[in-house]
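Colleague: I'd like to go over a predicted model; first the sequence, then the structure.
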Amino acid sequence: MYADETQLYTALHPDHIDLAVIQQCTNDIHRWYAENGMLLNPTKSEAIAVGTRAQVAAASTSGAVIVAGNRVAFRDSVKLLGVTIDSTLSFDQHIINVVRNCNYHLRALRHIWPLITTDVAKIIACSLVSSRLDYCNGLLRNTTAKNLNRLQTVQNDLARTVLQTSRRTSATQSLKVLHWLPVKERIDFKIATTVYKICQTHVPSYLSELIVD
């Protein structure tokens, strides 16, 4: 549970997809909400089956999830805390959304650059664009090289915009001047930092238990 959102996960056997367990859980959640003076809104409920294309197709044809008496069909993708999760966990749609949002702010930065200093441009770039590239980027560790290259292109354009250099300028050199790690290295750094902190503090426990020295 997070704020007013509740996520429910369960494993389905590929050879025998039984939605009865999910149905029982949604009934229990609906009853708990009612007993505590809250209302479950089935019109905002979403369901997704994650697996191989064959497994997803089998789950979609097996039926739908019933939430508070309403039928909720399986979707190709859902948005969870700002991350678009697709049924095959390719994160293709998420990358498309991130690139679109970053390019929007990148164009806006180009328009105002003549009115600001390089330091201000760097602050704006980090807060409005780099933050979007970094958000939940640990999920992208095993995404395709094509997706990583799309994000890297955005970061390269951002670096050139901040430094006001041409597209022929080396992106690698621009990143070094700004002391920015490339996209793939930023992902690896975040995961390594997270694992190190968990090993040192053993918090949260549900992740600490999964790490064996």
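Modeller: Here it is on my side, so go on.
Colleague: from here on, contacts and neighbour counts on C-alpha atoms
Modeller: OK.
Colleague: and the longest helix seen in the chain, what other elements does it pack with?
Modeller: Longest helix of the chain, by residue count under DSSP state H: helix 92-112. When contacts are defined as 3 or more C-alpha pairs under 8 Å, 6 or more residues apart in numbering; DSSP states H and E, helix 92-112 packs onto strand 83-86, helix 118-125, helix 131-134, helix 145-163.
Colleague: possible to save those as TSV with mean neighbour count and distance to Lys190?
Modeller: Converted to TSV, those look like this (neighbours: other C-alpha atoms under 10 Å; distance: least, C-alpha to C-alpha, whole Å):
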stretch	mean neighbour count	distance to Lys190
strand 83-86	19	17
helix 118-125	16	19
helix 131-134	16	9
helix 145-163	19	15
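Colleague: kindly provide the distance from the residue nearest the centre of the chain to Leu151.
Modeller: The residue lying closest to the centre of the chain (C-alpha atoms, centre = their mean) is Val83, at 3.1 Å. Using C-alpha to C-alpha, to the nearest Å, Val83 is found at 15 Å from Leu151.
Colleague: quick one, the longest helix of the chain and helix 145-163 angle?
Modeller: Counting by axes from the mean of the first three to the mean of the last three C-alpha atoms, to 10 degrees, helix 92-112 lies at 10 degrees to helix 145-163.
Colleague: ok, back up a step: list the contacts of the residue nearest to the centre of the chain.
Modeller: 94, 136 (C-alpha atoms under 8 Å, 6 or more residues apart in numbering).
Colleague: show me where this protein dips below the pLDDT cut-off.
Modeller: 2-3, 213 (pLDDT under 70).
Colleague: how about the residue nearest to the centre of the chain: which residues does it bridge to?
Modeller: Leu80 (DSSP bridges).
Colleague: how near is it to Asn137?
Modeller: Plainly put, Val83 is 10 Å away from Asn137 if you go by C-alpha to C-alpha.
Colleague: in a strand, Ile66, correct?
Modeller: Yes: assessed with DSSP: H, G, I helix; E, B strand; the rest coil, Ile66 lies in a strand.
Colleague: tell me the domain ranges of this structure?
Modeller: The chain breaks down by automatic domain parsing into domains covering 1-89, 91-201.
Colleague: ok so Arg71 is a helix residue?
Modeller: No: assessed with three-state DSSP, Arg71 is strand; it does not lie in a helix.
Colleague: pull the number of nearby residues for it.
Modeller: As a burial measure, Arg71 scores 15 neighbours (other C-alpha atoms under 10 Å).
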